[in-house]
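**Q** Pasting the sequence and the predicted model now:
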Amino acid sequence: MIETDNVLIISDIHANLTALNAVLAAAEPYNEVWCLGDLIGYGPDPNEVIEIIKSQPNLTCLLGNHDAAVIGNLEIGSFNFDARKSILWTQSLLNKENIAFLKELPTIIELGKYTLVHGSPRFHLWEYLIDVDTAAMSFDALRTDFCVMGHSHIPIRFTKNSGEQVHPSLQEDGEVIHFQHPTIINPGSVGQPRDQDPRAAYAILDRSTDTWIQHRVEYDIPAVQQRIHQAGLSARHAMRLSDGW
Ligand code: ZN
C-alpha cells in the first residue's frame with residue numbers, strides 16, 4: 001500500500017457488502033480507516049461486512065446502536081418493528097468471532113484533534129446530530145477541536161465560528177473542506193444513505209492538513225435488494241436504497 005496520510009472515514013454500512021466494496025475500491029489509496037459504527041442491521045451481509053472491516057489497515061472502529069442491540073447492549077424495544085426484525089435476524093446469523101469483535105468496540109475514542117463517536121459526544125450511541133441546538137450542546141461536550149460522527153446517515157457538518165455561532169452545511173460529492181474552526185462532521189452512510197442520494201457516501205481525511213474530501217460512489221443496488229428479499233428482511237429496507245431515504 002502507498003504511503004499516505006489519508007484516513008478513509010466510513011459509517012453506517014448496515015450489512016451492505018456491495019456498497020462497502022464499491023467504497024473501498026473507490027477510496028484508494030488510504031492507510032488508515034475510521035469506521036463510525038452500525039456495521040450491521042437492515043442489510044443482508046452482516047458476517048461478510050464485519051470480516052472486511054476487521055481486515056482494514058490501522059482500523060479504529062466504533063460501536064453503533066444497531067451493533068449494540070445485536071450484542072445485547074441496548075434494549076431492542078427502542079427500535080421500530082422492521083429494525084427489530086433485522087436485529088433479531090442478524091443475531092441468529094452472526095458467528096462467534098464476529099460477535100466477539102463487536103463486543104470489544106468502544107463508544108467514543110479520541111485520536112489527537114479528533115473525537116470519534118457514532119451518535120454524539122453527549123450520547124454516544126443514539127443522539128441524532130442534525131440540528132444546530134444539538135450541535136451547540138455537542139461542542140460544549142467536546143474535548144477536541146473536531147468530531148466525526150455517523151448515525152443520521154446524512155453528510156452534514158456543523159462549524160463553530162469565532163463568534164461562537166454554529167452553522168450547518170451539507171457536503172456535496174467532491175467537496176473539499178479545510179477545517180479552520182471547531183467542526184463536527186458526518187461522512188454520510190455507506191450502506192443506507194438518507195439524503196435522497198442513493199450513492200454510497202464516504203470521506204477521505206488528510207490528517208496532516210485537516211482537509212476532508214467528501215465522496216459518493218454508485219454501486220449495484222438491485223443486487224443488494226435481491227439479497228434483502230431472499231433473506232426475508234423488510235421490503236421497505238430494500239426499497240429505500242433506490243431513493244436514498
Ligand atoms: Zn445507522
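**A** Structure received. Residues are numbered from 1 along each chain as shown.
**Q** does any part of the lowest-mean-pLDDT helix or strand in the chain sit near the ion?
**A** Ranked by mean pLDDT, DSSP states H and E, the weakest helix or strand in the chain is helix 81-93, scoring a mean of 92. No - applying CB under 5 Å from the ion, one finds helix 81-93 separated from the ion by no less than 9.4 Å. Glycine gets a C-beta too; all of them are placed from N, C-alpha and C.
**Q** residues from this structure in reach of the ion?
**A** Residues of the chain lying near the ion (CB under 5 Å from the ion): Asp12, Asp38.
**Q** which residue ranges form the helices in the chain?
**A** Assigned by DSSP state H, the chain shows helices spanning 17-27, 46-54, 65-70, 81-93, 96-103, 132-141, 221-230, 235-243.
**Q** Tell me where this structure is predicted with low confidence.
**A** 1-3 (pLDDT under 70).
**Q** swap the cut-off to 50 and go again
**A** Within the chain, the ranges that satisfy pLDDT under 50 run 1.
**Q** Tell me which residue lies farthest from the centre of it.
**A** In the chain, counting by CA atoms, centre = their mean, Gly163 sits farthest out from the average C-alpha position, at 30.1 Å.
**Q** Would you list the phi and psi of that one?
**A** Backbone torsions of Gly163, given as degrees, to the nearest 10, read phi -90, psi 10.
**Q** Centre of the chain to stretch 209-217, how far?
**A** In terms of CA atoms, centre = their mean, to the nearest Å, the centre of stretch 209-217 is set 14 Å apart from its chain centre.
**Q** do stretch 181-197 as well
**A** Relative to its chain's centre, stretch 181-197 lies at 8 Å (CA atoms, centre = their mean).
**Q** Using CSV, write out every CA atom in that stretch.
**A** Taking Å, rounded to 0.1, in the frame of the first residue of the first chain, the C-alpha atoms of stretch 181-197 are listed here in CSV:
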residue,chain,number,x,y,z
HIS,A,181,-12.8,26.3,13.2
PRO,A,182,-14.2,23.7,15.6
THR,A,183,-16.2,21.3,13.4
ILE,A,184,-18.5,18.3,13.9
ILE,A,185,-18.9,16.3,10.7
ASN,A,186,-20.7,13.2,9.3
PRO,A,187,-19.4,11.4,6.2
GLY,A,188,-22.9,10.1,5.4
SER,A,189,-23.8,6.4,5.2
VAL,A,190,-22.1,3.7,3.1
GLY,A,191,-25.0,1.3,3.1
GLN,A,192,-28.2,3.2,3.6
PRO,A,193,-27.9,7.0,2.6
ARG,A,194,-30.8,9.1,3.7
ASP,A,195,-30.2,12.4,1.9
GLN,A,196,-32.2,11.4,-1.3
ASP,A,197,-28.9,10.5,-3.0
